[in-house]
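Undergrad: 3D model of this:
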Amino acid sequence: MSGLGRGLAALCLIAGLLAPALAADLPTFKLTFNTDGTFEPARLEVPAGRFKLILINASQEPVEFESLQLRKEKVLGPGVTSFVVLSISRPGEYPFFDDFHQDAKGVLVVLPKP
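TA: Okay, the predicted model is just below:
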């Protein structure tokens, strides 16, 4: 491996080690996929900026958090908990849905910074 290759590998390793630590320091919010096909909460208010959204699949079926406006999607198996990190600077309403259960819808409301 060349010196450049070793340097890039080291940089990737450091980034991989730091990413979970940086995500742990972010404001954190929870979104649960319920067994009845709804989100809890269906309307989630967050401050503008960078934050972590913990996704909890409390159902016995796979679900997919998806938002076309946010260009984010995450599939979770039954009973799985995961997260996404979002950075949204523009206040507004951003709809999301469960792509596997099209009737399950919600909205992420991004509030202006105080």
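
Undergrad: going by C-alpha atoms from here, please, whenever you check contacts or count neighbours.
TA: Will do.

Undergrad: top strand in the protein by residue count?
TA: Across the chain, the longest stretch assigned as strand under DSSP state E is strand 101-111.

Undergrad: neighbouring strands of that one in the sheet, and parallel or not?
TA: Strands adjacent to strand 101-111 in the sheet, as given by DSSP bridges, are strand 43-47 (parallel), strand 92-98 (antiparallel).

Undergrad: show residues contacting the last one.
TA: Applying CA atoms under 8 Å, 6 or more residues apart in numbering, the set of residues contacting strand 92-98 from outside is 63-70, 103-111.

Undergrad: beta partners of the nearest residue to residue 67 once chain neighbours are set aside?
TA: Residue nearest to residue 67 in three dimensions, not counting chain neighbours: residue 96, with 4.4 Å by CA to CA, 6 or more residues apart in numbering. Note on residue 96: beta-bridge partners by DSSP bridges are residue 106.

Undergrad: per-residue confidence at residue 96?
TA: Here the pLDDT value assigned to residue 96 is 96.

Undergrad: what's the neighbour count on it?
TA: Summarising burial for residue 96: neighbours were counted as other CA atoms under 10 Å, giving 23.

Undergrad: can you check residue 98 too?
TA: 23.

Undergrad: residues contacting the residue nearest the centre of the chain?
TA: Against the mean C-alpha coordinate of the chain, by CA atoms, centre = their mean, the closest residue is residue 84 at 2.5 Å. Neighbour list for residue 84: 52-55, 74 [criterion: CA under 8 Å, 6+ apart].

Undergrad: what subset of those residues is buried?
TA: Buried subset of those (neighbour count, 16 or more other CA atoms under 10 Å): 52-55.

Undergrad: thought residue 74 was touching residue 65?
TA: Yes - here residue 74 lies in contact with residue 65, judged by CA atoms under 8 Å, at a distance of 5.2 Å.
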